[in-house]
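Asker: need a 3D model of the following:
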Amino acid sequence: MKWICRQFEFAFPRPALLMGIVNVTPDSFSDGGRFFDTAAAVRHGLDLVAEGADILDVGGESTRPDAAPVDEAEEFRRVLPVIERLAGRVTIPLSVDTQKPAVARAALAAGASIVNDIAANRTDGAMWREVAGAHAGYVCMHMQGTPQTMQQAPHYDDVVREVDGFFTERLERLAAAGVASEQVALDVGIGFGKTLEHNLQLLARLDSYKKQGRPLLLGVSRKSFIGKLLGADIEARLPASLACAVWAAHAGVRIVRTHDVAATAQALRMMEALQARRH
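Answerer: Predicted coordinates for the structure are as follows:
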């Protein structure tokens, strides 16, 4: 299995990829405001690379529940300088975390190789045409609703089965838009239109999605479901985040999106070393 992201190609099986998070926002749930300045965001990205990040994911719009939307011009202002500067200084792929096709187009032109799209439930194909035209990698994430509505009353008859059906249908639509399956990674969207129980069911059944034949990406770092289950504040959620990352990689997840690259790398590399010696 391969994941092709413009000039970058990842062949699996291989050690799990680490996607380091660079939030260029004043209001993200975990580190909003710390890296809002362009220079601070670039320094943070370089620090994550030094810690072992395989991909940097740059986002300029918070997608936490009830987050206020950011207009296109402001998102351009936040993310493009960061991507341009990082593209000249790192040799790993840059991802742009955006819902807007115009922002994706500009970020790809500035040096990004991946579009991380929380709004893959979209009905319009403009984003997919941008991805197809650039031969970029694409993260297709499941979300019920929008960031403004997703946690109001999430409901599923069978969340694991319904997310699987979403992936099947989206892969067909992406192919019709010209996006090859080898460009696509899948993300179950932990916390995006899911209750605590939905999140736990998805995590427990991650191996259900192997049959899709695409690499699975997981983002659980410091998320609120950990606090709901364990009563942990944001700054105290690293141990549970690491537990989920190791569990996920053991279940076949290929890309782990995290704020804490060094700690996650250490946990995953230990798990992989032990796993390799079981046979």
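Asker: what about the closest residue to Arg269 other than its chain neighbours, how many neighbours?
Answerer: Residue nearest to Arg269 in three dimensions, not counting chain neighbours: Pro15, with 7.0 Å by Cβ to Cβ, 6 or more residues apart in numbering. (Glycine included, C-beta is placed from N, CA and C.) Neighbour count for Pro15, taken as other Cβ atoms under 10 Å: 16.
Asker: surely Pro15 meets Ala265?
Answerer: No. Using Cβ atoms under 8 Å, Pro15 is not in contact with Ala265; the gap is 9.2 Å.
Asker: helices of the stretch 101-250 of the chain, residue ranges please.
Answerer: 101-110, 126-134, 159-176, 196-204, 224-230, 238-250 (DSSP state H, counting those that start in this stretch).
Asker: with mean pLDDT added, can I get the ones you listed in CSV?
Answerer: Formatted as CSV, the helices of the stretch 101-250 of the chain follow (pLDDT from 0 to 100):
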stretch, mean pLDDT
helix 101-110, 97
helix 126-134, 97
helix 159-176, 97
helix 196-204, 97
helix 224-230, 95
helix 238-250, 97
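Asker: which one of those helices lies nearest to Arg257?
Answerer: helix 238-250 (9.5 Å; Cβ to Cβ).
Asker: which strand in the protein runs the most residues?
Answerer: Of all the segments of type strand in the chain, defined by DSSP state E, the longest one is strand 17-23.
Asker: against which helices or strands is that one packed?
Answerer: Packed against strand 17-23 by the contact rule (3 or more Cβ pairs under 8 Å, 6 or more residues apart in numbering; DSSP states H and E) you find helix 38-51, strand 55-59, strand 255-258, helix 261-276.
Asker: kind regards, and thank you for your time.
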